[in-house]
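Student: Model the structure of this input:
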Amino acid sequence: MIDISIVIVNWNVKDLLDKCLASLQNGTVAINKTDGERPVVEIIVVDSASSDDSVAMVREKYPDVKLLAQTDNVGFTRGNNIGFAEATGRYLLLLNPDTEIIDDILRQLFTYMEQNAEVGIIGPHTLNTDGTHQSTRRRFPTLTTGIFESTWFASFAPKSVETHYKMLDSDDNAILDVDWVQGSAMLVRCDIYEQLGGLDEGYVMYSEEMDWCKRTKDAGWRVVYHGESFITHHGGGSSDQVAAFKQIQFHTSKLRYFRKHHGYTTYFTLRIITLLQFAWQLLLEGAKGLIGHKRDIRRNRVKVYWQVLRNGLKATV
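Tutor: So this is what the prediction gives:
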């Protein structure tokens, strides 16, 4: 019997995926075989039509991995759902290809879930490449959070906004209930998938894990951050390859979450404020470019902001 189905969605990050898969073969789990002491896992890689030989690398170096090679770029959310549909484990582990597991993390998370039947989702303590803490535990966002998060306004936000949203008032090494955890590494009880369905494919990427945690908590389950188990998240993965696409998807997904869970008025207000700040950034960068200050950088930024404004960030549910 498979305990954990590990689902990894990959797009053109072959070297990072290689490191991720290698870290899973460190002896702390049993891959595709019964083991009385270690959790038994299967590894499912959903490749989203990569052009960097990711598929060939997996086939050659990791024959035990179940490879689902797609002919199109299906995106992060749909890619995970494709993997979930093939999974046979009692738990699902969403794992980014730019991560590496550390020590006995899977056994720690698995054991905690086995001992706490009311917990539906759990996320580990995440580290940056240099070993510093990476914030991945969150409270659900308010309209104020939405206005300031990842926008030009962020530098003007009261410190309390970030403290509340990112739970900076709690211990990084604690085990505690949270509203949601980031999907770079997230262990989900299969009962959640069967009860609520998979990730909402209305989110191409970003906010999909927040939405899943929101639905999970609304259904009466707990979501937990496990500060004593560690994973490394390198970043610089698939989403960093297209700047304008990343901006559009991030803000459209955020707006979709607000429309779905907070109503049209809140969504519309936040959308107008977000578009206005992009318009201001475009004008500011354009003016700096005209006076000859770092013109190449300004030109690229203006191009990105213009694409975001042309997109309009319309979100439907």
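Student: Beyond the worst-scoring helix or strand of the chain on mean pLDDT, next helix or strand please.
Tutor: Ranking every helix and strand in the chain by mean pLDDT, DSSP states H and E puts strand 30-31 at the bottom, with a mean of 79. Elements were assigned by DSSP states H and E; along the chain past strand 30-31, the next helix or strand is strand 40-47.
Student: Val188: what secondary structure?
Tutor: Under the three-state scheme (DSSP: H, G, I helix; E, B strand; the rest coil), the conformation of Val188 reads as strand.
Student: Make sure it is actually in contact with Tyr91.
Tutor: Yes: the criterion here is C-beta atoms under 8 Å, and Val188 meets it with Tyr91 at 6.6 Å. Using the backbone N, CA and C atoms, a C-beta is placed for each residue, glycine as well.
Student: quick one on the thing from earlier: show residues contacting the least confident helix or strand of the chain.
Tutor: The set of residues external to strand 30-31 that reach it, using C-beta atoms under 8 Å, 6 or more residues apart in numbering, is 24-25, 38-43, 64.
Student: In ChimeraX, select just the buried ones from those residues.
Tutor: This is how ChimeraX selects the buried members of those, with burial counted by 16 or more other C-beta atoms under 10 Å:
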select :24,38,39,40,41,42,43
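Student: Tabulate the contacts of strand 30-31 (JSON lines), appending pLDDT and distance to Pro97.
Tutor: Supplementary listing: the contacts of strand 30-31 in JSON lines, determined by pLDDT from 0 to 100; distance: C-beta to C-beta, whole Å:
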{"residue": "Leu24", "pLDDT": "93", "distance to Pro97": "11"}
{"residue": "Gln25", "pLDDT": "87", "distance to Pro97": "15"}
{"residue": "Arg38", "pLDDT": "81", "distance to Pro97": "23"}
{"residue": "Pro39", "pLDDT": "88", "distance to Pro97": "21"}
{"residue": "Val40", "pLDDT": "90", "distance to Pro97": "22"}
{"residue": "Val41", "pLDDT": "93", "distance to Pro97": "16"}
{"residue": "Glu42", "pLDDT": "96", "distance to Pro97": "17"}
{"residue": "Ile43", "pLDDT": "97", "distance to Pro97": "11"}
{"residue": "Asp64", "pLDDT": "93", "distance to Pro97": "17"}
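Student: Surely Met113 and Arg107 touch.
Tutor: No: using C-beta under 8 Å, Met113 and Arg107 do not qualify as a contacting pair, with a distance of 10.9 Å.
Student: Can you pick out the residue with more neighbours from the two?
Tutor: Met113 (22 against 17; other C-beta atoms under 10 Å).
Student: Against which helices or strands is the helix or strand hosting the more buried one packed?
Tutor: Secondary structure assigned from DSSP H and E places Met113 in helix 105-115. Using 3 or more C-beta pairs under 8 Å, 6 or more residues apart in numbering; DSSP states H and E as the contact test, the elements touching helix 105-115 are strand 91-95, strand 119-127, strand 185-189, strand 222-233.
Student: Run through the stretch 151-300 of the chain and note the low-pLDDT ranges.
Tutor: Under the criterion of pLDDT under 70, the regions of the stretch 151-300 of the chain flagged as low confidence span 236-242.
Student: Helices of that one, start to end?
Tutor: Per DSSP state H, counting those that start in this stretch, the stretch 151-300 of the chain carries helices over the ranges 159-165, 190-196, 208-218, 243-262, 264-290, 295-311.
Student: helices or strands next to the third one in the packing?
Tutor: If you count contacts as 3+ C-beta pairs under 8 Å, 6+ apart, helix 208-218 packs onto strand 119-127, strand 180-181, helix 190-196, strand 222-233, helix 243-262.
Student: OK, contacts around the most centrally placed residue in the chain?
Tutor: Of all residues in the chain, the one closest to the mean position by C-alpha atoms, centre = their mean is Gly183, 3.4 Å from it. Gly183 makes contact with 94, 96, 208-209, 212 under the criterion C-beta under 8 Å, 6+ apart.
Student: if we go to 6 Å?
Tutor: For Gly183, the contact set (C-beta atoms under 6 Å, 6 or more residues apart in numbering) comprises 94, 209.
Student: follow-up on the earlier one: more crowded one of Val188 and Tyr91?
Tutor: More crowded of Val188 and Tyr91, by other C-beta under 10 Å: Val188, with 30 against 25.
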